[in-house]
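Student: Here's a sequence, model it:
(one chain, ligands or ions: 2)
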Amino acid sequence: MSDEHESPIITTERLNKMYGSHLAIDGINLEIPRGAIGILGPNGAGKSTLFKCLLGLITTTSGEGTVLGHDIRTEGESIRSKIGYMPEYNALDPNLFAVDQVRYAGELLGMNSKTATQRAHEVLEYVGLKDQRYRKIETFSTGMMQATKLACALVHDPEILICDEPTNGLDQRARSFMLQTLKRTVVEGERSVLMSSHVMDDVQEVCDSIVMIHKGKIVLQGYFDDFAEQVDKEIEVVIWGGASRMEEELATDGLEARRLGRVIRIKVESESTVDKILNAAVRAEVQVRQMKEYEPDLEDIFLLVMEKLGSEIKGSSELMTPEHTGES
Ligand SMILES: Nc1ncnc2c1ncn2[C@@H]1O[C@H](COP(=O)(O)OP(=O)(O)O)[C@@H](O)[C@H]1O
Ligand SMILES: [Mg+2]
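Tutor: Ligands and ions are numbered 1, 2, ... in the order given. Have a look, this model is predicted:
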C-alpha cells in the first residue's frame, strides 16, 4: 500500500471560525482517514460551518487545514473540484428538469457538456431517479430533491463526498434509500463519505467512526467498534421463578447483575461466568428460559464512554438537544 492511502484525507489544526463575536468552531483538530465518518451534533453545534471551512467556501478565522493535501485557506477551488458537496439547504432550480440540473452542476465543475450530460443520466439512475429525469424539480418530493442534490454532488465522480444532513426531512423510505446509497458509495464505490447528522442512527448505518461536536468543540471521536470494546460485556438471562433469589445467589458468587423484571444482565468476568450463572440458577431453583450475550446499543455505549471521559455531558440525548447559542 502506498503512503497516500495511509495518510489522512482531511486534517485540521486548531481550526477556529468566528461569526462576529460568536465562536462557531472552537479549536478543532481533525485527522480523518479514508472511509465513512459521521459528524454528529445538535443544531448549532458547528457541523455546517466546519464543512464550509473544509470546502474553502468561508474563510477561517485562525488555524489551518488540508483536504487531499490542499490548503483550505487558499485552494478552495481545487478542493471543490475533487469533492462532492451536498449542502444542507436546497440549492436546486425548481424550473429545471432533474437531468438538466445535474448536467449544469457538472458544467459548473468544469465538465464539458457531453460528459456532464452522460454523467447526469448515470448518477440520476444511481440515486434512484431514472424515471424522473425529465420531470421538473418543482414537482419533486423532499426525498427526490435530496436525491437530486446527491446526484449533483456525485456528477464529477469525486473522491470524497461531504453530505450535510442528507436525511433531513425525509420519510422512512427515502431516508433508508439515501443511507443505503451513501453506504454503497463507500463500500462499492470505494469513496470516502463525510456526513453530518443530529441523529445517531443515521450515522451508524453508514459510518465506521464518528466525531461528535458540541458548541464548536470535539467532545468524542472514534470508531464504533472501539466504543463497543470499552463497554463491559454482559450475559442476559430470562428466568422463570424467583428473580430476587436468583439475584441473591449471583451476588453470593460475586457476580455483578442488574435486573429488569424477569431479565437479568450479568457482567462477564471470565470464561466461567456462564457456569456460575447456571449454578446460581440451580441453587435459586429458577428456570433459565433464555441466555444470550447482551449487545449494548449505541446509547449504552455513549453513556459509558462519556462517564469514562468524566464529561459533564451525560448522554447522547443531551448532546442531541439543540443549544441556545449566541451566549458565551
Ligand atoms: N452565517 C452566519 N452568521 C452568523 N452566525 C452563524 C452563521 N452560520 C452559522 N452561525 C452560527 O454558528 C453556529 C454553528 O452553526 P452551524 O454550523 O450552522 O451548526 P450546525 O450545522 O451544527 O447546526 C450557530 O450558533 C449558528 O447560529
Ligand atoms: Mg447545519
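Student: how far does stretch 11-18 sit from the chain's center?
Tutor: Stretch 11-18 sits 20 Å away from the centroid of its parent chain (C-alpha atoms, centre = their mean, to the nearest Å).
Student: hmm, who's touching that stretch?
Tutor: 23-32, 46, 49-50, 53-54, 58, 60-66, 72, 216 (C-beta atoms under 8 Å, 6 or more residues apart in numbering). Just so you know, the C-beta spots here come from the backbone N, C-alpha and C atoms, and that holds for glycine as well.
Student: Out of those residues, which sit inside strands?
Tutor: Among the contacts of stretch 11-18, DSSP state E puts 23-32, 62-66 in strands.
Student: what about the residue in the stretch 1-150 of the chain positioned nearest to ligand 2, how many neighbours?
Tutor: Residue nearest to ligand 2 within the stretch 1-150 of the chain (C-beta to the ion): residue 48, separated by 3.2 Å. Residues near residue 48, counting by other C-beta atoms under 10 Å, number 19.
Student: Contact partners for it?
Tutor: Counting by C-beta under 8 Å, 6+ apart, residue 48 makes contact with 88, 164, 196.
Student: Tabulate those in TSV, adding columns for neighbour count.
Tutor: Converted to TSV, the contacts of residue 48 look like this (neighbours: other C-beta atoms under 10 Å):
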residue	neighbour count
88	16
164	21
196	26
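Student: near ligand 2 too, which of the residues you listed?
Tutor: Restricting the contacts of residue 48 to those near ligand 2 by C-beta under 5 Å from the ion leaves residue 88.
Student: For residue 277, state which of the contacts of residue 48 is nearest.
Tutor: residue 196 (42.8 Å; C-beta to C-beta).
Student: just checking, the closest one touches residue 43?
Tutor: No. The criterion here is C-beta atoms under 8 Å, and residue 196 misses it with residue 43 at 10.8 Å.
Student: Just the ones of the contacts of residue 48 in strands?
Tutor: Using DSSP E, the subset of the contacts of residue 48 located in strands is 164, 196.
Student: and residue 140, what does it touch?
Tutor: For residue 140, the contacting residues are 98, 132, 148, by C-beta under 8 Å, 6+ apart.
Student: and if you look at residue 264?
Tutor: Taking C-beta under 8 Å, 6+ apart as the criterion, residue 264 is in contact with 236, 237, 239, 243, 246, 247, 250, 257, 258.
Student: low-scoring stretches of the stretch 1-150 of the chain, by residue?
Tutor: By pLDDT under 70, the low-scoring segments of the stretch 1-150 of the chain are 1-5.
Student: residue ranges of the strands in it, please?
Tutor: Assigned by DSSP state E, counting those that start in this stretch, the strands in the stretch 1-150 of the chain fall at 10-19, 22-32, 36-40, 62-67, 70-71, 83-86.
Student: Could I get those in a markdown table, plus columns for distance to ligand 1 and mean neighbour count?
Tutor: What follows is these, written out as a markdown table (distance: least, C-beta to the nearest ligand atom, whole Å; neighbours: other C-beta atoms under 10 Å):
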| stretch | distance to ligand 1 | mean neighbour count |
| --- | --- | --- |
| strand 10-19 | 3 | 18 |
| strand 22-32 | 3 | 18 |
| strand 36-40 | 8 | 26 |
| strand 62-67 | 15 | 19 |
| strand 70-71 | 21 | 16 |
| strand 83-86 | 13 | 24 |
